[in-house]
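Asker: build me a model from this:
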Amino acid sequence: MHPYESLPYRPCAGIMVFNRVGLIFVGRRSSGPEHIDVTHVWQMPQGGIDKNEDPYKAALRELYEETNIRSVEKLGEMAEWLAYDIPRDIIGEAWGGKYRGQKQKWYALRFTGEDSEIDVLAPGGGKHKAEFIDWRWVELKSLPDLVVPFKRATYEQVVNEFAGFAA
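Answerer: Model prediction:
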């Protein structure tokens, strides 16, 4: 394994999905080395950007692959990429030890469909492995407290950037 500091960040798209009343979609992760307790297992959809893939197209693809959601309209995007490091003690378990964390391009989307469109147990029309075992809508202000601590600063930045879309 490479020294921690020399490992690259995994390119990733993150999606904050607002419903019509300004609540945020979160999914409960089914597994992962970063799980530390039953409170901090929630997160917004996010996933890797393939080589030469447009980040916004990656965001839409990942959203569908994780939630089955396609009925959205774009509200905004963060100008800068955000990065976080994963704890050193799980570096070998996450992404095969190839990355020290993720650099993320974040998008805000409004969900325009019905909740029945959301299917985290058979996402992507059943063609993708479920990454979430449950989901719910939450208030923007509660979001950072639901994620694993090492992602909290990133979530706080995303909340601050997109807070105006909750109104």
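
Asker: please make it C-alpha for all contacts and neighbour counts, starting now.
Answerer: Noted.

Asker: who are the packing partners of the longest helix along the chain?
Answerer: Determined from DSSP state H, the single longest helix within the chain is helix 55-67. Packing partners of helix 55-67 (3 or more CA pairs under 8 Å, 6 or more residues apart in numbering; DSSP states H and E): strand 9-18, strand 46-48, strand 101-111.

Asker: make TSV out of those strands and add mean neighbour count, distance to residue 29 and mean pLDDT.
Answerer: As requested, these are exported to TSV (neighbours: other CA atoms under 10 Å; distance: least, CA to CA, whole Å; pLDDT from 0 to 100):
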stretch	mean neighbour count	distance to residue 29	mean pLDDT
strand 9-18	24	15	96
strand 46-48	21	11	93
strand 101-111	23	17	96
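
Asker: about what we covered before: could you list the residues in contact with the longest helix of the chain?
Answerer: 12-15, 45-50, 69-70, 105, 107, 118-120, 123-124, 128, 130-132 (CA atoms under 8 Å, 6 or more residues apart in numbering).

Asker: ok, now stretch 76-94?
Answerer: Outside stretch 76-94, the residues that touch it by CA under 8 Å, 6+ apart are 1, 4, 9, 32-34, 97-109, 150-151, 154, 158, 161-162.

Asker: and that stretch, what's its mean pLDDT?
Answerer: Averaged across stretch 76-94, pLDDT comes to 84.

Asker: with stretch 29-42 instead?
Answerer: 70.

Asker: ends of it, what's the gap?
Answerer: 6 Å (CA to CA, to the nearest Å).

Asker: can you check stretch 145-165 too?
Answerer: 20 Å.

Asker: how about stretch 55-69: buried residues?
Answerer: Buried residues in stretch 55-69, counting neighbours by 16 or more other CA atoms under 10 Å, are found at 55-56, 58-69.

Asker: err, stretch 145-158, not the other one
Answerer: Buried residues in stretch 145-158 (16+ other CA under 10 Å): 146-149, 151-152, 154-155, 158.

Asker: can you confirm residue 113 is in a strand?
Answerer: No: according to DSSP: H, G, I helix; E, B strand; the rest coil, the state of residue 113 is coil, so it is not within a strand.

Asker: neighbours of the residue lying closest to it once chain neighbours are set aside, how many?
Answerer: Of all residues not flanking residue 113 in the chain, residue 71 sits nearest, at 5.1 Å (CA to CA, 6 or more residues apart in numbering). Using other CA atoms under 10 Å, residue 71 has 14 neighbouring residues.
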